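> Provided below for reference: sequence and predicted model.
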Amino acid sequence: MDFKLSKEQEAIQKAARDFAKGEFDKDIALEHERAHKFPKEIWKKACGLGFIGIHFPEKFGGQEYGIFENALIVEEFCRRDSGLGIALTLSDFASEIILRFGTEEQKEKYLTPITRGEAISSGGFTEPDHGSDITLMNTTAVKSGSEYVINGGKTFITNGTISDFTVVLCQTDEQAKPSYRGQSVILVERGTPGFTSADVGEKMGIKMTATAELSFNNVKVPVTNLVGKENRGFYQVLEFFDESRIEIAAQALGVAQGAFDRALAYTKERSQFNKKLSEFQVTQHKLADMATKIETARLIVHKAGWNYDQGIIDPKLTSMAKMYAGKVAVEVADEAIQLHGGYGYMLEYEVERFYRDAKIMEIYEGTREIQKNTIAGALLGKG
C-alpha cells in the first residue's frame, strides 16, 4: 500500500498551490467578501490553466484526470483562502451529471464552456419543503409534444444567480411508487422564459458564492435537454453525490489546513508573559490535536477519492469522508480563533472567516445527519 502521491500528482498539487499563492491576494479576498462578489477574473485564470474540470476528458477541455487529482486542487485552493477556494471549485457544480450521463452533444455544449471559463453551472435539487430529502420533488416536468413544461421552485442553490445553466431534478411521473422512481434530470438554461432566480440574502459564510432561489413558471425546454434516461434522475443524482461529497470533503480539508497554518504561524510570533505562545504546553497540545485531526481527515478523503477513481461507488465511505472532514474543519477553525484570542475575532486575521466558511461543510451536499443516515444504512444493510 503506497501512501505517496505520484510525481504527476505532486506536480498538480504544487501547481495549484503556486497559483493560489500568486492569485489569492488577501486584500482581493476581503474585497470580494465584503461585496459578496464572485471572483470572476481569478476564475477565468484558473480555467485557463486547466484547474477547473481537470477530471473532464480532453476533448471537452479537461485533462483526463480523476476525482482524486481534482480533490488535490480543491484542498490547495481552500487552504490558501476559504472564500476564493470554495467559489472557484464550485463553479462547475453538478456538471458531472452531464459528464456521467449526458449525450455527446450535451457534453460538447455544456462541459467545454466550463473548462474555457465561459460558463458556470448549478444543480437544482433542494426544495423549500423537503431540504436534504430528494426522494420527494414538488417541481414537475410534464412532457408536451417535443417539450417539457417545468413548474416549481428550488432553494439554497449554489451559483443559482450566476450560472449559465442549471441541472434540475424534476418529477416526470407523478404516479410512480415510490415517487423517486419517477424523477428525471433536465437542463434549463439562463434566460429561458419563465425561469428566474433570486439571491437568498445574507449568509453566515461563503459570501463569494452565490446562493439562490429558483422559480419555474411554465418553463418550456426541448426534450433533448433530458439528461440520461427519463425517470432515472434520482439514481443519477445519488451517484453524483458520491462524487460531489469527495469534493466538499476536500474543501473542508483545505479550510481546516488553512486555519491551522494561520494558527501555527501566529503562536510562533505572539508573545505572552515573556514567552512565545508556542512555548506553552497547552498550546502545543492544541496544535498536536489539530494536526492529528487534519491528517486523519486527509487519509479518509484521499482514500475516498482514490476509491471512486477505481470505479467503486461506496456511499458509506464518501459520507464518512464528508462528515468527518466537515467536523474537523469546524473544530480546527474554532480552535484557531481561540489561539488568536481577540485578534481571531477580527476580519483582518482571516481565521474568523475560515470558521464561518467551515460551518457550511456540515450542511450543504447533505447535512451531517444525512451522512450518518447513509453510513448507518450501509452498516445495517438498508437501502
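Structure received. If you're wondering where the values come from, they're calculated on a predicted model, not measured in any experiment.
> where along the stretch 251-383 of the chain do the strands fall?
Counting by DSSP state E, counting those that start in this stretch, one finds strands in the stretch 251-383 of the chain at the ranges 271-272, 275-276.
> these: which one's closest to Asn218?
strand 271-272 (64.7 Å; C-beta to C-beta). For every residue, glycine as well, the C-beta is placed using N, CA and C.
> find out how far that closest one is from the centre of the chain, if you would.
Between the mean C-alpha point of strand 271-272 and the mean C-alpha point of its chain there is a distance of 38 Å (C-alpha atoms, centre = their mean, to the nearest Å).
> and stretch 237-253, by the same measure?
7 Å.
> buried set for it?
237, 239-253 (16 or more other C-beta atoms under 10 Å).
> least confident of the strands of the stretch 251-383 of the chain, on average?
For those, the weakest mean pLDDT is recorded on strand 271-272, namely a mean of 84.
> show the contacting residues for the nearest residue to Gly160 once chain neighbours are set aside.
If you skip the residues right next to it in sequence, Gly160 has Ala212 as its closest partner in space, 2.5 Å away by C-beta to C-beta, 6 or more residues apart in numbering. Residues near Ala212 by C-beta atoms under 8 Å, 6 or more residues apart in numbering: Ser122, Ile157, Asn159, Gly160, Thr161, Ser197, Ala198, Asp199, Val200.
> burial count for the fourth one?
So the one you mean is Gly160. By the measure other C-beta atoms under 10 Å, the count of residues near Gly160 is 23.
> you'd agree it is in a strand?
No. Gly160: not assigned to a strand; according to DSSP: H, G, I helix; E, B strand; the rest coil it is coil.
> pLDDT score assigned to it?
pLDDT, Gly160: 96.
> how near is it to Asp173?
Summarising the geometry, the distance separating Gly160 from Asp173, computed by C-beta to C-beta, to the nearest Å, is 26 Å.
> quick check: closest non-adjacent residue to the spatially most central residue of the chain.
For the chain, Ile248 is the residue whose C-alpha lies nearest the centre (C-alpha atoms, centre = their mean; 4.3 Å). Nearest in space to Ile248, with sequence neighbours left out and distances taken as C-beta to C-beta, 6+ apart, is Glu365 at 4.6 Å.
> touching, the one you found and Ala321? I think so.
No. Between Glu365 and Ala321 no contact is recorded; they are 11.3 Å apart, counting by C-beta atoms under 8 Å.
> and those two? which has more neighbours close in?
Set side by side, Glu365 and Ala321 show more neighbours around Ala321, with 30 against 26, by other C-beta under 10 Å.
> let me see the contact set for that one.
Counting by C-beta under 8 Å, 6+ apart, Ala321 makes contact with Arg245, Ile246, Ala249, Ala297, Ile300, Val301, Lys303, Ala304.
> of all these, which comes closest to Thr115?
Ranking the contacts of Ala321 by separation from Thr115, with C-beta to C-beta as the measure, puts Ile246 on top at 19.4 Å.
> report pLDDT for that closest one.
Per-residue pLDDT puts Ile246 at 97.
> quick one: residues contacting it.
Ile246 is in contact with Ile67, Ala71, Val301, Ala304, Gly305, Tyr308, Thr318, Ala321, Lys322, counting by C-beta under 8 Å, 6+ apart.
> same list (those) but as JSON lines, adding pLDDT and distance to Ala263.
Listed next are these as JSON lines, based on pLDDT from 0 to 100; distance: C-beta to C-beta, whole Å:
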{"residue": "Ile67", "pLDDT": "97", "distance to Ala263": "29"}
{"residue": "Ala71", "pLDDT": "98", "distance to Ala263": "23"}
{"residue": "Val301", "pLDDT": "98", "distance to Ala263": "21"}
{"residue": "Ala304", "pLDDT": "97", "distance to Ala263": "26"}
{"residue": "Gly305", "pLDDT": "97", "distance to Ala263": "26"}
{"residue": "Tyr308", "pLDDT": "96", "distance to Ala263": "31"}
{"residue": "Thr318", "pLDDT": "97", "distance to Ala263": "28"}
{"residue": "Ala321", "pLDDT": "97", "distance to Ala263": "23"}
{"residue": "Lys322", "pLDDT": "98", "distance to Ala263": "24"}
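> out of those residues, list just those in helices.
Ile67, Ala71, Val301, Ala304, Gly305, Tyr308, Thr318, Ala321, Lys322 (DSSP state H).
> pretty sure Glu64 sits in a helix.
No. Assignment of Glu64 by three-state DSSP gives coil, placing it outside any helix.
> got the contact list for it?
For Glu64, the contacting residues are Phe56, Pro57, Glu58, taking C-beta under 8 Å, 6+ apart as the criterion.
> scan these and report the most crowded one.
Phe56 (25 neighbours).
> for that one, give its distance to Tyr345.
The spacing between Phe56 and Tyr345, counted by C-beta to C-beta, is 41 Å.
> now do Phe216
If you measure Phe216 against Tyr345 using C-beta to C-beta, the figure is 42 Å.
> where does this protein have its least confident helix or strand?
Per-element confidence for the chain was summarised using mean pLDDT, DSSP states H and E. The lowest value among helices and strands belongs to strand 271-272, with a mean of 84.
> outside of that one, which residues touch it?
Applying C-beta under 8 Å, 6+ apart, the external contacts of strand 271-272 come out as Leu277, Phe280.
> before we move on, the earlier item: which members of the contacts of Ala212 are classed as buried?
Restricting those to buried positions leaves Ser122, Ile157, Asn159, Gly160, Thr161, Ser197, with burial counted as 16+ other C-beta under 10 Å.
> that's a strand at the last one, yeah?
Yes. Checked against three-state DSSP, Ser197 lies within a strand.
> low pLDDT regions in this protein?
Counting by pLDDT under 70, the chain contains low-confidence ranges at 382-383.
> kindly recompute the last result at 80.
1, 131-132, 382-383 (pLDDT under 80).
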